[in-house]
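here you go, sequence then predicted model.
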Amino acid sequence: MINITSFETLDKAIRMAGGEPTVLEALWDGDTSGWYLYLNLHVIIKKLFSIKKEVRYLGTISLGGDIRLFNGTVPPWPEAELAKEWGKMANEKYGLIFYFPSDKEPDNDCPGWEQRHLAIQCADCAKMIIPTDSPYLPKEICYSCHLKREFNNKIKNAEPYDDGVNLYMVKDEEYNHLGYSSFLDGFPIAPFIDDTVQARREKRLVDIVTIDELDISIIKEKIEQALDEKVAVYKSAEFPPDFPEKFKSNIKRHTVEYKGNKYELIERLNEDHSKIDRLVWALEMVDKAISGNYCFKIYFKNEFTYRDDAVLRFVNFVSNGSTFMAAIVQQYSGIITETDVKDTVTKMEKAGCLKIEGEIVHTTDVTRKLL
């Protein structure tokens with residue numbers, strides 16, 4: 001894919017497309033790395049006795065992964081702002097129409113320029129959409145607005161939401177973030193620490209469990225025992241007999257080393273290889289902790305709700321860690337009451353996640369490590 005990084009890049013692509021440009025079209029699409037915009041140019045090709053319309057693909061605008069949507073970064077989609085700016089410049093230079101049906105957020109259900117007569121307006125955000133044919137989704141709104149309605153209902157009803165565990169390697173005031181998982185079992189080290197962790201959880205609103213150096217030495221022995229068993233029956237990285245030839249080049253292989261021996265692993269397609277890979281990663285992590293005199297700290301949420309989580313994310317990410325109480329009330333106006341907001345802030349203050357100074361609400365270090 002050609003990456004459009006400036007108006008100059010776009011302008012060159014338009015000039016090289018040939019024909020008379022009439023419509024510049026910006027539409028969303030996505031893959032495993034996140035959302036991106038792709039740009040098409042509608043042109044008229046004039047010949048001696050004929051006029052023909054054609055569509056030319058120009059390239060894509062992509063600036064980041066979907067973590068922006070998760071953490072509430074504002075603006076979450078700078079691709080849209082760039083596309084609007086460059087589209088306006090293209091309109092002024094070429095007199096073409098700039099068509100961008102979803103200019104605030106990603107949505108691949110919006111019609112292309114030639115399908116717009118089939119579209120309706122989303123009842124919530126007013127953008128043009130092709131109505132879904134799914135019996136499980138509302139037809140009058142876009143999928144993004146459907147998700148917003150569902151999420152807002154979870155906030156309104158204060159539905160339980162304890163998902164989210166963060167793992168750190170710690171020494172004194174040095175915190176190294178090792179990863180995030182919805183649940184503890186998402187970490188490769190989880191099977192070897194689960195009993196210890198559960199015994200030390202106090203079930204407070206925020207639990208911070210410490211795995212000290214003595215624990216880590218015992219954990220290392222358990223990981224090595226599991227690895228010994230796996231490498232004893234290791235088989236080389238081979239594709240299944242029925243695996244399509246055309247996809248083989250897309251599958252990555254890599255080599256890990258354990259006790260002086262090297263093992264080539266194939267990603268995703270071999271469960272035993274995946275287990276070896278996770279165990280080696282876990283062993284490297286505990287070796288680093290032991291050699292550097294680190295401990296592990298694991299952050300858990302207990303009895304949190306979607307409302308609690310949403311308020312924390314608004315203050316921490318959208319408001320950069322500090323905002324007025326009135327701003328939080330305004331953010332959730334129409335979803336929950338002012339009393340609900342203040343009760344939530346008070347609950348999070350008791351949990352050690354927020355600090356209240358008059359009418360100003362701040363996040364704490366606990367929040368920054370919890371989210």
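All right, it came through fine. Not measured: the values here are computed from a predicted model.

list the contacts of stretch 346-358.
Contacts with stretch 346-358, where a contact means C-beta atoms under 8 Å, 6 or more residues apart in numbering, come from 204-206, 308, 311-312, 315, 325, 345, 361-364, 366-367, 370. In short, each C-beta sits where N, CA and C put it, glycine included.

show me the residues you listed that map onto helices.
D308, V311, L312, M325, V345, V366, T367, L370 (DSSP state H).

what's around the last one, how many residues?
Think L370. Neighbours of L370 under the rule other C-beta atoms under 10 Å: 23.

what residues are up against it?
For L370, the contacting residues are G164, N166, V206, Y299, K301, L312, C353, by C-beta under 8 Å, 6+ apart.

excluding chain neighbours, what is closest to the fifth one?
Taking C-beta to C-beta, 6 or more residues apart in numbering, and ignoring the residues beside it in sequence, K301 has D162 as its nearest neighbour in space, at 4.9 Å.

between the contacts of stretch 346-358, which is nearest H273?
L370 (33.5 Å; C-beta to C-beta).

how near is that closest one to T337?
From L370 across to T337, the span is 25 Å (C-beta to C-beta, to the nearest Å).

can you list contacts of stretch 288-296?
Contact with stretch 288-296 is made by 167-171, 176, 178, 189, 193, 210-213, 216-217, 220, as judged by C-beta under 8 Å, 6+ apart.

filter those to the buried ones?
Applying 16 or more other C-beta atoms under 10 Å to those, the neighbour count classes L167, Y168, M169, V170, L178, I189, I193, I211, I216, K220 as buried.

which one among the residues you listed gets closest to P244?
The shortest gap between P244 and any of the buried ones among the contacts of stretch 288-296 belongs to I189, at 34.9 Å (C-beta to C-beta).

for the closest one, grab phi and psi.
The phi and psi values for I189, taken as degrees, to the nearest 10, are phi -80, psi -10.

where along the stretch 251-371 of the chain do the helices fall?
271-291, 306-313, 325-331, 338-350, 365-370 (DSSP state H, counting those that start in this stretch).

any buried residues in the first one, and which?
When you say that, I think you mean helix 271-291. For helix 271-291, by 16+ other C-beta under 10 Å, it's 273, 275-283, 285-286, 289.

distance of S274 from A237?
11 Å.

who touches both of these two?
Contacts common to S274 and A237, judged by C-beta under 8 Å, 6+ apart, are L265.

let me see the domain layout of this protein.
Annotated domains of the chain cover 7-152, 165-299, 305-370 [automatic domain parsing].

between those, which one is nearest to A158?
Of all these, it is domain 305-370 that lies closest to A158, at 4.2 Å by C-beta to C-beta.

mean confidence for that closest one?
Averaged over domain 305-370, pLDDT sits at 98.

how far does that domain sit from its chain's centre?
In terms of C-alpha atoms, centre = their mean, to the nearest Å, the centre of domain 305-370 is found 22 Å from the chain centre.

so where's the protein shaky on pLDDT?
1, 64-76 (pLDDT under 70).

rebuild the helices of the stretch 251-371 of the chain as JSON lines, extending it with distance to S62.
Shown next, in JSON lines, are these (distance: least, C-beta to C-beta, whole Å):
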{"stretch": "helix 271-291", "distance to S62": "29"}
{"stretch": "helix 306-313", "distance to S62": "24"}
{"stretch": "helix 325-331", "distance to S62": "29"}
{"stretch": "helix 338-350", "distance to S62": "35"}
{"stretch": "helix 365-370", "distance to S62": "28"}
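
between those, which one is nearest to E257?
helix 271-291 (8.0 Å).

OK, contacts around the residue nearest to K301?
Residues in contact with D162 (C-beta under 8 Å, 6+ apart) are F300, K301, N302, E303, F304.

buried only: go through those residues for me.
F300, K301, F304.

quick check: strands, which of these are part of them?
F300, K301 (DSSP state E).

right, and out of the buried ones among the contacts of D162, which lies closest to I130?
F304 (37.2 Å).

residues in contact with the closest one?
Counting by C-beta under 8 Å, 6+ apart, F304 has contacts P160, Y161, D162, L205.

what sits closest to the last one if chain neighbours are left out?
Closest residue to L205 apart from its sequence neighbours, by C-beta to C-beta, 6+ apart: A351 at 3.7 Å.
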